[in-house]
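Asker: Following is a predicted model, sequence given first.
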Amino acid sequence: MAIKIFDVVIIGGGQAALSAGYYLRRAGLDFIILDNQATAGGAWNHTWPSLRLFSPALYSSLPGILFSTSKTDVYPHRHEVIAYLERYETRYQLPIYRPHHVKTVLPDTQHNCLKVSDGKYSWLAKTVISATGNWSHPVVPELPGAKAFLGEMCHSAFYKGVEHYRGKNVLVVGGGNSGAQIFAELDEVTTAVWVTREAPQFLPDDVDGRVLFERATARITGQATDQPVGGIGDIVMVPPVKAARDRGVLQAKPMFTHFTPTGVVWQDDTEQAFDAVIWCTGFQPELSHLAALGIQEEDGKVLVQDGQSIKEPRLWLFGYGDWASPGSATLIGAGRSARDNIPKLVDYIRQSYQ
Ligand code: FAD
C-alpha cells in the first residue's frame, strides 16, 4: 500500500491554524488540521462568559471573511468570536479532524519527513505547523504557604464568571488584562481584593487592542519612530474596567508575603481571610508534543526565523505571541503572520522535496 505523506500537518485548531489553513489552501497544498477540542473556537471556548475582545470587530478579522457583528462600534463578545471561527472553518472547508490530541512529533528517517502521533493514529508530513496556543498551559507562581491554603484556587483559564463567587471574599492575583477585568466584575458581587507584583499599567481610554497591535508590530519590525509607551500586556480600559475606575475601586495592593490556611499575610503583618484565590498570572506556550524533537531552549520555547524552527526546519510555529511572529496571538496578527510566512513554507517544501 502506498504511504501517504501530507505536505503539511497542522497541530491545533484555533485562529492561528485556520489562518495557516486559508493560505495553504490557496497555495494548493495537501494538508490536514488536528485539534484536540470537540468543537471550533480554540482558546475562546475556555475564556470566561462575559469576556469581550479588546479590539473592535472590524480590526479582528482573519484573512478572507470580515468579522462583522451587528454592532461594529463595540467590542465583540467571545461567543461572537467562536461563531465567526465556526463560520470560517465551514466557508473554507478546512480539513479539520477532531478530537485528536497530538502527543509526539518525531523525525521519520525512512520516509524523510516528520511523523505526528496521537498515540493511536499517526500521520506523515513533509512539514508540521505547531499552532497549539497557550491556554492549556496556565502558569501559577509558587508562593510561600500556598499549599496549606484551605480555600479554593482557580486559574483564570478555568474561571467561569461571577456567580460562583457571589458573596465570597476573593483575592485576584495578577496585573494584566485578565486580572483587571476579573477583579472589575467580581467587585460588583463580592468583596474582592486585587494584588499585583508591580503597579498595573493602565492605557489611555482611547488606546485599544488595535493600536497596541500596530505599535507592537512597528517595534518588532524596526519601523517604530516616536512610539508612546504601551505594551500588549498593559491594561486596556474596556467598559467593565472603566466602570470600576469610575466607581473608585480600581486599585491594586502590593503582593502579600505568604498564605495562611485561611488567607494571606500582608507586608505590614496584618492578616486577611479569603474564601477563594483567582490566579490571573498568564500562560506559557503548550509545546509538550515537541519534547521528543529535543529542540526546545531552556525557557521551553523554540528558536524561529519567520515562523520556521531553526533547529528543525520541517517544523513551523504559528500563533503563541511575538516570539513566534509579531502580534501572532491576536486575530489580526495570526492572519498577517500566516500571510507572510506560508509563502516561505511553500518555497521550503518546493525546494526540499523536488
Ligand atoms: P488557541 O486558540 O489556543 O488554539 C490552539 C488549539 O490547539 C486549541 O484548540 C487547543 O486545545 C489545541 N491544542 C493544544 N495542544 C494540542 C495538541 N497537543 N494536539 C492537538 N490540539 C492541541 N486576542 C485578540 O485578538 N483580541 C482580544 O481581544 C483578545 N483578548 C483575550 C483575552 C483573554 C483573557 C485571553 C486569555 C486571550 C485573549 N486574546 C485576544 C488572545 C486569544 O484568545 C489567543 O491568543 C488565541 O486564541 C490564540 O490562538 P491560537 O490559534 O494560537 O491558539
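Answerer: Happy to help now that I have it. Residues are numbered from 1 along each chain as shown.
Asker: which residues touch the closest residue in space to residue 161 that isn't next to it in sequence?
Answerer: Distances taken as CB to CB, 6 or more residues apart in numbering put residue 49 closest to residue 161, at 4.4 Å, once the chain neighbours are dropped. Using the backbone N, CA and C atoms, a C-beta is placed for each residue, glycine as well. Counting by CB atoms under 8 Å, 6 or more residues apart in numbering, residue 49 makes contact with 78, 160, 161.
Asker: gap between residue 49 and the ligand?
Answerer: 12 Å (CB to the nearest ligand atom, to the nearest Å).
Asker: tell me which element that residue falls in.
Answerer: Using DSSP states H and E, residue 49 falls within no helix or strand.
Asker: measure it to residue 37 for me?
Answerer: Distance of residue 49 to residue 37, computed by CB to CB, to the nearest Å: 18 Å.
Asker: ok, now residue 300?
Answerer: From residue 300 over to residue 37 (counting by CB to CB), the distance is 22 Å.
Asker: before we move on, back to that, give me the distance between the residue nearest to residue 161 and residue 282.
Answerer: In terms of CB to CB, residue 49 sits 21 Å off from residue 282.
Asker: Is the residue nearest to residue 11 when sequence neighbours are not counted in a helix, a strand, or coil?
Answerer: Closest residue to residue 11 apart from its sequence neighbours, by CB to CB, 6+ apart: residue 102 at 4.7 Å. Classification of residue 102 using DSSP: H, G, I helix; E, B strand; the rest coil returns coil.
Asker: near the ligand, which residues of the stretch 151-300 of the chain?
Answerer: 178, 209, 286, 289 (CB under 6 Å from any ligand atom).
Asker: residues in contact with the last one?
Answerer: With CB under 8 Å, 6+ apart as the criterion, the residues that contact residue 289 are 11, 102, 103, 104, 105, 130, 132.
Asker: Check the closest residue to it other than its chain neighbours and give its pLDDT.
Answerer: Spatial nearest neighbour of residue 289, excluding adjacent residues (CB to CB, 6+ apart): residue 102 at 4.8 Å. Model confidence at residue 102, given as pLDDT, is 98.
Asker: what about residue 102, how many neighbours?
Answerer: By other CB atoms under 10 Å, the residues close to residue 102 number 25.
Asker: Could you do residue 150 as well?
Answerer: 10.
Asker: these two touch, right, it and residue 260?
Answerer: No: with contact defined as CB atoms under 8 Å, residue 150 does not reach residue 260; the gap is 9.2 Å.
Asker: Need the overlap of contacts for those two.
Answerer: With CB under 8 Å, 6+ apart as the test, residue 150 and residue 260 reach no residue in common.
Asker: residues in contact with residue 91?
Answerer: So residue 91 contacts 64, 65 (CB under 8 Å, 6+ apart).
Asker: How about residue 116?
Answerer: Counting by CB under 8 Å, 6+ apart, residue 116 touches 9, 11, 34, 102, 104, 105, 122, 123, 124, 125, 128.
Asker: Identify all residues paired with the fifth one through a beta bridge.
Answerer: Just to be clear, that refers to residue 104. residue 117 (DSSP bridges).
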